[in-house]
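[1] Build me a model:
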Amino acid sequence: MRARAVKGLEPDGALADNAERIVRTRLDELCGFMPAAADPEQVVALHDMRIAAKRLRYVLEVTGPCFGPYAKTATMIARELQDLLGEIHDCDVQIPETRAFAERLQAADAAALRARAGDAGDLDPALLKLAPHARDHAGAAALQAYLHARRLLLFDRFVALWGEYERKGFRARLLYAVGERSGR
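    Have a look, this model is predicted:
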């Protein structure tokens, strides 16, 4: 995901003024993924939202002292969001990998069983006990079930967490903090 351009930066301007522009842009970028990211099927939106949370977090870590105490809270929120979305993304990456692994096991067993059948007109079901990866299939299936269940749980946590951020006015409070800093 390409970062949104920050408009109005002044190379000779005050750090706080430029930081405000950057934080506003990064916050808009982050919040712009909703409501799409509230759909569990929107894997790309969830991943891009994680990247946006990381960008907001990093700019707040560097410029937070310009904006008062709420910037520290906002940094923790961005970190928490980034971490949770990262865990969801890990599942999104691992699920197809485990599916592909299970398919490779199945293909290898099918080839081995076919070879054992030789010239037979049909495959004897008794040959199944000779499949080289018979025990591995259960492990791969269990891992896939675990990853799917974990992703569902983590996604539910994400939706609840985002709802909590909205109820607590995360966006409005951060905008207020960057706009009403001391010495303005």
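
[2] wait, doesn't residue 30 sit right on residue 48?
    No. Applying C-beta atoms under 8 Å, one finds residue 30 not in contact with residue 48, separated by 9.7 Å. For the C-beta atoms, the positions are set from N, CA and C on the backbone; glycine is no exception.

[3] of those two, who's got more company?
    Taking neighbours as other C-beta atoms under 10 Å, residue 30 and residue 48 compare with residue 30 leading, 26 against 20.

[4] can you pull the contacts of that one?
    Applying C-beta atoms under 8 Å, 6 or more residues apart in numbering to residue 30 gives the contacts 49, 52-53, 55-56, 78, 81.

[5] Spatially nearest residue to residue 130, not counting backbone neighbours?
    Nearest residue to residue 130, sequence neighbours excluded (C-beta to C-beta, 6 or more residues apart in numbering): residue 116, at 6.2 Å.

[6] Give me the contacts around stretch 94-108.
    With C-beta under 8 Å, 6+ apart as the test, stretch 94-108 has contacts from 132-133, 136-137, 140-141, 143-144, 147-148, 151.

[7] Format the residues you listed as TSV; extra columns: pLDDT, distance to residue 69 and secondary structure.
    Formatted as TSV, those follow (pLDDT from 0 to 100; distance: C-beta to C-beta, whole Å; DSSP: H, G, I helix; E, B strand; the rest coil):
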residue	pLDDT	distance to residue 69	secondary structure
132	94	62	coil
133	95	57	coil
136	94	54	helix
137	93	55	helix
140	96	49	helix
141	96	50	helix
143	97	44	helix
144	97	45	helix
147	98	39	helix
148	98	41	helix
151	98	35	helix
